[in-house]
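S.K.: Sequence plus predicted model, see below.
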Amino acid sequence: MSIEEDYLRKENALLREQCNLLNSELQRLSHACVVSKGQGLMASEVSKSESKADSPKCLSIVVLGASGDLAFKKTYPALFSLYHHGLMPEKFLIAGYARSAMADDVFKSKVSSKFDKNLKDKASVFLNQCFYFAGQYDNPQDFARFSAALDEKERALCGPNVSSERIFYFAIPPNIFVPVAKSISAAALSKTGYNRVIVEKPFGRDLQSSDELQKDLGALFSEDQIYRIDHYLGKEMVQNLMVLRFANKVFEPLWNKENISCVQITFKEDFGTQGRGGYFDSFGIIRDVMQNHLLQILSLVAMEAPVSLNAEDVRDEKVKLLRAIAPIRKEDIIIGQYLADPKGRESGYLEDPTVPKDSVTPTYACAVLHVNNSRWAGTPFILKCGKALNERKAEIRVQFKSPQNFLFAEHSHNELVMRVQPDEAVYLKMTTKQPGLQGGLRHTELDLSYKKRFKDEAEALPDAYERLILDVIRGDHNLFVRADELVYAWKIFTPILHYLEKEKTKPELYEFGSRGPKSADAFVAKLGYVRTTQYEWAPQD
């Protein structure tokens with residue numbers, strides 16, 4: 001089969017899949033219209049009411065799982081920061097919903113514990129717009145009582161003819177996404193404004209479970225109402241990727257297999273599971289980090305230029321890129337699990353009392369992905385992620401090929417490094433002449449450190465959750481994962497996940513605080529990555 005025939009075959013397959021998705025959506029909308037005759041306005045019909053420009057608007061953000069860690073560590077601080085910077089609508093309410101019985105003042109004290117202590121007056125005003133409601137997640141009657149209480153508060157805030165817009169933030173475990181969505185759909189939707197739902201990862205455990213989740217959610221909400229949040233897409237440096245690539249002429253001619261030796265995307269944490277091993281053990285590092293955070297970054301690094309910055313155009317290019325990536329094979333991956341550190345200061349993964357003693361869940365993974373298209377064929381994309389390593393950082397490292405000359409034997413590979421966290425920076429590793437009479441070569445860098453170049457802005461960079469919640473309020477899907485993105489992402493990872501679990505593959509052990517499994521460095525070197533040991537970048541203050 002020729003290249004052209006293979007390309008046409010793949011394009012026809014994509015068109016068939018898109019047609020199937022459209023048919024499913026049309027069937028869902030048709031069903032929603034029938035149901036709405038007996039039950040009032042459904043979510044898909046709300047757009048008809050959004051045009052009521054003469055009605056006062058009230059935005060209500062409902063945080064499901066409001067008593068949990070994610071809510072008080074991330075969601076509520078992000079909402080307060082948006083309010084502090086004047087980015088919330090004039091009329092808004094924040095409604096917390098969870099199973100735990102809790103007095104309003106106790107709840108407000110908990111969710112404000114992470115707020116800036118210098119903003120107590122503003123925090124007090126913000127908290128006046130917050131309230132808490134205790135109810136069961138799978139009980140539509142509880143949600144109906146909650147919705148009635150919210151209706152009353154919306155009318156008190158905005159008047160009797162209020163146009164209520166509601167955002168439902170799922171800060172809850174994935175196993176209760178569907179029961180909660182059903183309860184919301186049955187009893188808590190706004191009948192006068194838009195309804196949007198924010199869903200946190202993980203989006204399933206594999207291709208089948210992800211498809212089932214999307215089918216269940218798709219029966220209740222349309223695709224444009226669902227915002228699948230991957231908070232890494234809201235990070236400043238990830239936001240900068242498209243600008244660096246497509247707004248700078250210097251990079252695009254070099255951005256291909258002819259000039260780039262390999263691309264390495266790394267996520268490292270210097271701490272273990274910290275008592276949450278039971279939860280982590282059910283997913284592992286591949287599902288927790290690699291399949292979502294790192295793959296999303298890879299798609300932005302490697303995709304073609306979109307037609308525009310419109311959300312659908314950007315996500316179309318990401319999907320094309322994901323379709324070109326072959327599923328990971330067993331020889332394409334190294335997995336590891338951390339032991340206690342030699343000095344006994346940190347315990348090993350299996351010493352966590354919430355982790356099964358015979359667990360083979362990886363806490364480290366290093367995999368190579370191959371992009372089979374004309375730009376990248378033959379260039380390895382290396383994804384590395386792990387817990388209990390020697391440092392905390394996330395970065396993208398693009399290593400260029402050696403120059404085709406023999407003048408300077410001691411030169412090092414040029415590398416363009418985009419440091420995502422901490423100490424956001426973009427720097428280009430290069431070789432220059434050693435200053436002075438002695439001559440010789442010196443490894444150094446052209447450095448754009450945010451703290452030095454953008455001092456004022458760097459100190460006030462928004463948290464990823466702030467940016468993403470603001471985009472939901474604005475209705476911008478650009479930084480959120482589309483349903484077909486999930487399909488192709490899981491196609492890459494599901495075969496290797498099933499293989500590892502079926503074979504109960506034992507991970508290679510590594511010490512807490514080390515660089516990870518010893519075989520990982522050899523694995524990466526075999527793929528062509530050359531590690532520079534005589535040079536180390538340091539953040540600029």
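M.R.: Thanks, I have the structure now.
S.K.: measure the nearest residue to residue 466 once chain neighbours are set aside to residue 231 for me?
M.R.: Leaving aside its chain neighbours, residue 466 sits nearest to residue 78 (4.5 Å; criterion: CB to CB, 6 or more residues apart in numbering). Using the backbone N, CA and C atoms, a C-beta is placed for each residue, glycine as well. Counting by CB to CB, to the nearest Å, the gap from residue 78 to residue 231 is 10 Å.
S.K.: go on, residue 92?
M.R.: Between residue 92 and residue 231 the computed distance is 22 Å (CB to CB).
S.K.: which one of those two has more residues nearby?
M.R.: When neighbours are counted by other CB atoms under 10 Å, residue 92 comes out ahead of the other of residue 92 and residue 231, with 22 against 19.
S.K.: Now do the more buried one against residue 281, distance only.
M.R.: In this view, residue 92 and residue 281 are 39 Å apart by CB to CB.
S.K.: what's the answer for residue 226, then?
M.R.: Noted for residue 226: a distance of 28 Å to residue 281, by CB to CB.
S.K.: Over to residue 187?
M.R.: 35 Å.
S.K.: Repeat that for residue 469.
M.R.: As defined by CB to CB, residue 469 lies at a distance of 30 Å from residue 281.
S.K.: Looking at the two, which is more packed in?
M.R.: Of the pair residue 469 and residue 281, residue 469 is the one with more neighbours under other CB under 10 Å, namely 26 against 19.
S.K.: okay, residue 125: pLDDT?
M.R.: Per-residue confidence (pLDDT) for residue 125: 91.
S.K.: Can you name the residues in contact with the helix or strand where it lies?
M.R.: Assigned by DSSP states H and E, residue 125 belongs to helix 120-128. Among residues not part of helix 120-128, those counted as contacts by CB atoms under 8 Å, 6 or more residues apart in numbering are 79-80, 83-84, 94, 108, 112, 115-116.
S.K.: Run through the strands of the stretch 351-500 of the chain in chain order.
M.R.: Counting by DSSP state E, counting those that start in this stretch, residue ranges of the strands within the stretch 351-500 of the chain are 364-370, 380-386, 393-400, 415-421, 425-433, 441-449, 480-481.
S.K.: Tell me which of those lies nearest to residue 536.
M.R.: With CB to CB, the closest approach to residue 536 among the strands of the stretch 351-500 of the chain belongs to strand 441-449: 9.6 Å.
S.K.: and the closest one, which residues are buried?
M.R.: Applying a neighbour-count criterion of 16 or more other CB atoms under 10 Å, the buried positions in strand 441-449 are 443-445, 447-449.
S.K.: Just the mean pLDDT for the helix or strand hosting residue 164, thanks.
M.R.: According to DSSP H and E, residue 164 maps onto strand 163-170. When pLDDT is averaged along strand 163-170, the result is 92.
S.K.: Sheet-wise, list the partners of that strand with their directions.
M.R.: Sheet partners assigned to strand 163-170 using DSSP bridges are listed as strand 57-64 (parallel), strand 195-200 (parallel).
S.K.: so who does the residue nearest to residue 515 when sequence neighbours are not counted touch?
M.R.: Once its chain neighbours are removed from consideration, residue 515 has its nearest residue in residue 390; the separation is 5.5 Å (CB to CB, 6+ apart). Going by CB under 8 Å, 6+ apart, residue 390 touches 268, 270, 513-515.
S.K.: how about the strands in the stretch 151-300 of the chain?
M.R.: For the stretch 151-300 of the chain, the strands identified by DSSP E, counting those that start in this stretch occupy 163-170, 195-200, 226-229, 260-268, in order along the chain.
S.K.: In TSV: those, plus mean neighbour count.
M.R.: Putting the strands of the stretch 151-300 of the chain into TSV (neighbours: other CB atoms under 10 Å) gives the following:
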stretch	mean neighbour count
strand 163-170	25
strand 195-200	22
strand 226-229	22
strand 260-268	21
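S.K.: Go through those strands and name the closest to residue 376.
M.R.: Shortest distance between residue 376 and the strands of the stretch 151-300 of the chain, using CB to CB, is found for strand 260-268: 8.3 Å.
S.K.: Also compute the angle for the closest one relative to strand 380-386, please.
M.R.: Taking axes from the mean of the first three to the mean of the last three CA atoms, to 10 degrees, strand 260-268 and strand 380-386 form an angle of 10 degrees between their directions.
S.K.: name the helices or strands packed onto strand 260-268?
M.R.: Using 3 or more CB pairs under 8 Å, 6 or more residues apart in numbering; DSSP states H and E as the contact test, the elements touching strand 260-268 are helix 295-302, strand 380-386, strand 393-400.
S.K.: what's the distance between the shortest one and the middle of its chain?
M.R.: The chain centroid and the centroid of strand 380-386 are separated by 16 Å under CA atoms, centre = their mean, to the nearest Å.
S.K.: That one - which strands sit beside it in the sheet, and in what orientation?
M.R.: Strand partners for strand 380-386, identified by DSSP bridges, are recorded as strand 260-268 (parallel), strand 364-370 (antiparallel).
S.K.: Any chance of the ones you listed in TSV with mean pLDDT and distance to residue 163 as columns?
M.R.: Below are the strands paired with strand 380-386 laid out as TSV (pLDDT from 0 to 100; distance: least, CB to CB, whole Å):
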stretch	mean pLDDT	distance to residue 163
strand 260-268	95	42
strand 364-370	97	46
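S.K.: Okay then, goodbye and thanks.
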